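Engineer: coords below, sequence missing:
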């Protein structure tokens, strides 16, 4: 049996501006190029941008959806997982990860960051969340991905 790929959950806003989407897309690309699996909430905004970056780089994308329909996933999600759990699906999003990368978002993103910290899962923030303790801050999407992989592999 081979080793499992690193699983990185990307959390961020369901609606975002062009700059945030660009950051998320670069994060997704970096995860795929390192052979990781990108996990996200499966919907729009930063989630869609990260999934697009990963898919276009040949990576595997998993969407943990709040609703009951797999068809609600954005077009870049290869493995949609409908939960019917609404925002409670954030626990699964985080628990499935070896590390979390947070880009700009709001309360839902903050809840995922807090859950990860509580669960002992490393969190790397890029472009936002610089005032939070227990979060590693990265200066670029590439640095965020490299740091997340390093933290994921170190356990």
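Structural biologist: Here it is on my side, so go on. This is a predicted model, so every value here is computed, not measured.

Engineer: all strands in this structure, in order from the N-terminus.
Structural biologist: For the chain, the strands defined by DSSP state E cover 7-11, 37-40, 60-65, 79-82, 99-102, 123-126, 136-138.

Engineer: Identify all contacting residues around the last one.
Structural biologist: The one in question is strand 136-138. By CB atoms under 8 Å, 6 or more residues apart in numbering, the residues outside strand 136-138 that reach it are 122, 123, 124, 125, 126, 129, 130, 144, 147, 151. C-beta: built from backbone N, CA, C; applies to glycine.

Engineer: so what strands line up beside that strand?
Structural biologist: The strands beside strand 136-138 in its sheet (DSSP bridges) come out as strand 123-126 (parallel).

Engineer: Give the buried residues for the partner strand.
Structural biologist: Neighbour counts using 16 or more other CB atoms under 10 Å place 123, 124, 125, 126 of strand 123-126 among the buried residues.

Engineer: Greatest separation within those residues: which pair is it?
Structural biologist: 123 and 126 (10.7 Å; CB to CB).

Engineer: shared neighbours of these two, anything?
Structural biologist: Listed as contacting both residue 123 and residue 126 by CB under 8 Å, 6+ apart are 101, 102.

Engineer: Turn the strands of the chain into JSON lines, including distance to residue 23 and mean pLDDT.
Structural biologist: What follows is those, written out as JSON lines (distance: least, CB to CB, whole Å; pLDDT from 0 to 100):
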{"stretch": "strand 7-11", "distance to residue 23": "10", "mean pLDDT": "98"}
{"stretch": "strand 37-40", "distance to residue 23": "14", "mean pLDDT": "98"}
{"stretch": "strand 60-65", "distance to residue 23": "17", "mean pLDDT": "98"}
{"stretch": "strand 79-82", "distance to residue 23": "23", "mean pLDDT": "98"}
{"stretch": "strand 99-102", "distance to residue 23": "10", "mean pLDDT": "98"}
{"stretch": "strand 123-126", "distance to residue 23": "6", "mean pLDDT": "97"}
{"stretch": "strand 136-138", "distance to residue 23": "10", "mean pLDDT": "96"}
